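> Got a predicted model here, sequence first, then my questions.
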Amino acid sequence: MGSLQNPSIPIVNLSAFTRDSTSYERKQAAAKLSQCCRLNGFVGITGHGMPTDLLDKVFAMSKRLFDLPLEEKLKAPHPEGWTPHRGYSGIGRENGGAKGALDAGDQAKMDPDDVSGLNMMTMKQESYEVGSEYNKEDYNIWLPEEVLPGFRDLSLEIYWRVNEIAVAVLDALIMSLELNVEEADYVRKIHTGHANQLRLLHYPPMPRDAFKAEEHSRLGAHTDGRYDYHPSITEMPSYSLSEPLLTTVRLNSTFTFDFQDANQGLEFLDRQTGKFVEARPKNGVMYMNIGDMLMRLSNGCYPAGTHRVIIPVASRTPRYSIPYFVSVDPDAVVAPQASCVGPGDRPRYEPITFRDFRDELFKATQVRDNDQVS
Ligand SMILES: O=C(O)CCC(=O)C(=O)O
Ligand SMILES: [Fe+2]
C-alpha cells in the first residue's frame, strides 16, 4: 500500500461564484465541479477568495493555543457526550467511538509527547471546536479571554468569513447538480451557517515506533461522518457506499473544507484504484470533501469522500490543520432531491433529519464498541 507519488486530485476554479461573473462562466465552472465531485467526492478549489493573511493569523493563533500548558487548555474542556461538540479535546480524547476516549483527568496526567500508550483507534491529535454564537444547542465553550487574548474574536471572524465561501460553494454545488428552483431554495434554507463547525487541529510529532506500523495514522480513514476501524480501508474486500462503516466520528457535514499547513499527510481514497492519493498542500488550493449529507441529498451522485491523515515518512514535524464542516440545521430533513434520481433509479436513502442521523450513528457506535473493542 502507500500513497501515489503523483497526486491526481482534480482542481476546479470557482471564482465565477465568488466574484462578478457571467452565467456562462458559472455554468462552465459548475460543469467542471460536477465532473470532479462524481469521481471520489473530493476536489481542490481555487478562486475561493479566502484571504491568505487571515488564514496565516489563524494558524499562528492555533499554534499559540496548542502551545499553552495543558491545564490552561483544560479551562475550556470539551464536555462528556455528543453535544455540544465544542471546546478543547486533548490527545486521545476523541476516537472513532466512545470507548477508549480518555476523560479529562487522564488527559491532565498525560504527557502530550508520549502517545505510545494509545491504541490504534485512538486519535493522536488535540483539537478545539468552535461554532456560531447563535447555536444554543452546540454552544461555544471559550477559554477565559486572558488565557489567549483575541482567540474568541479571531475564531468567530474566520468562522463567518469561511461561511461566505461556503455559501458560494453551495451555489456552485446546487448548479452542478442541476437542482430545480424549489430544491435549490430548500437546500439553501437548511444551510443557515449556524450548524457549521470550525475545527482547529494539532497533530504532535509522533515517536519513532509510529513509523513502523501503517495503522498509526494520525487520523484513520473516514468520511465526514463515518469512521472505519480498519487501519487501511483497502484491506476491506469491497467498499460499498450503501454499507455503513463500522463506527463514526462526530463530524458530519454536507461538505468540508480543509486548510492545512505545509506538513502534508492528508490523503483521499481514489475509489477506482482503492489507493489513497496525497492532498499535497498547495498555495491557493483549498481541499473540499463531500460529506454524508450531500451524498444523501444528491442520491449518491456525489459520494462522500473517504480521507485520512497519515504521518509522512519524511516528516516528524507537528501538523496543524483547520477543517471547516458545513452542515445542515439539526432538524432539517435530508432526502435525495428528485432531480438527482435518474430515470430507472430510485431514492437510495430514506429521508432523515441530521439529528436522527447523528443519534443513530452514535447508537450504532456504542454497539460496535461493545462487540469489537476489548
Ligand atoms: O487534518 C486534516 O487535514 C483533516 C481532518 C479531518 O479529516 C477531520 O477532522 O475530519
Ligand atoms: Fe474528516
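Structure received. No experiment lies behind these values; they were computed from the predicted model shown. Ligands and ions are numbered 1, 2, ... in the order given.
> Can you tell me what sits against stretch 265-272?
3-4, 8-9, 39-40, 42, 203, 218, 221, 233, 239, 258, 260, 275-279, 287, 289, 303, 305-312, 315, 319, 321 (Cβ atoms under 8 Å, 6 or more residues apart in numbering). Backbone N, C-alpha and C define where each C-beta goes, glycine included.
> Tell me how far that stretch lies from the chain's centre.
14 Å (Cα atoms, centre = their mean, to the nearest Å).
> Lowest mean pLDDT among the helices and strands of this structure, which one is it?
helix 104-109 (a mean of 40; mean pLDDT, DSSP states H and E).
> Of the contacts of stretch 265-272, select the buried ones using a ChimeraX command.
One line in ChimeraX is enough to select the buried members of the contacts of stretch 265-272, burial here meaning 16 or more other Cβ atoms under 10 Å:
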select :3,9,39,40,42,203,218,221,233,258,260,276,277,278,279,287,289,303,305,306,307,308,309,310,311,312,319,321
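> didn't residue 58 look like it was pressed against residue 158?
Yes. Assessed by Cβ atoms under 8 Å, residue 58 is found in contact with residue 158 at 5.0 Å.
> any shared contact partners between the two?
residue 322.
> ok, back up a step: just checking, next helix/strand downstream of the least confident helix or strand of the chain?
strand 126-130 (DSSP states H and E).
> Could you list the low-pLDDT ranges of the chain?
Applying pLDDT under 70 to the chain flags residues 1-7, 92-124, 206-217, 226-250, 312-316, 361-374.
> where along it do the helices fall?
15-18, 23-40, 52-67, 70-73, 104-109, 151-176, 181-189, 292-297, 354-372 (DSSP state H).
> Dump the ones you listed to a markdown table, plus distance to residue 271.
Formatted as a markdown table, the entries for the helices of the chain read as follows, by distance: least, Cβ to Cβ, whole Å:
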| stretch | distance to residue 271 |
| --- | --- |
| helix 15-18 | 26 |
| helix 23-40 | 5 |
| helix 52-67 | 30 |
| helix 70-73 | 38 |
| helix 104-109 | 37 |
| helix 151-176 | 19 |
| helix 181-189 | 25 |
| helix 292-297 | 13 |
| helix 354-372 | 22 |
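> Tell me which of the ones you listed is the most buried.
Mean neighbours per residue, mean count of other Cβ atoms under 10 Å, is largest over those for helix 292-297, with a mean of 26.
> what does this protein put close to ligand 1?
199, 201, 219, 224, 251, 258, 260, 266, 307, 309, 321, 323 (Cβ under 6 Å from any ligand atom).
> Can you pick out the ones from the residues you listed that are in strands?
Judged by DSSP state E, the residues of the chain next to ligand 1 include 199, 201, 219, 258, 260, 266, 307, 309, 321, 323 as members of strands.
> What is the nearest of these to residue 67?
residue 201 (14.3 Å; Cβ to Cβ).
> okay but that closest one is in contact with residue 318, surely?
No. Contact between residue 201 and residue 318 fails when scored by Cβ under 8 Å: they sit 10.4 Å apart.
> Out of those two, name the residue with the larger neighbour count.
Comparing residue 201 with residue 318 by other Cβ atoms under 10 Å, the one with more neighbours is residue 201, at 23 against 14.
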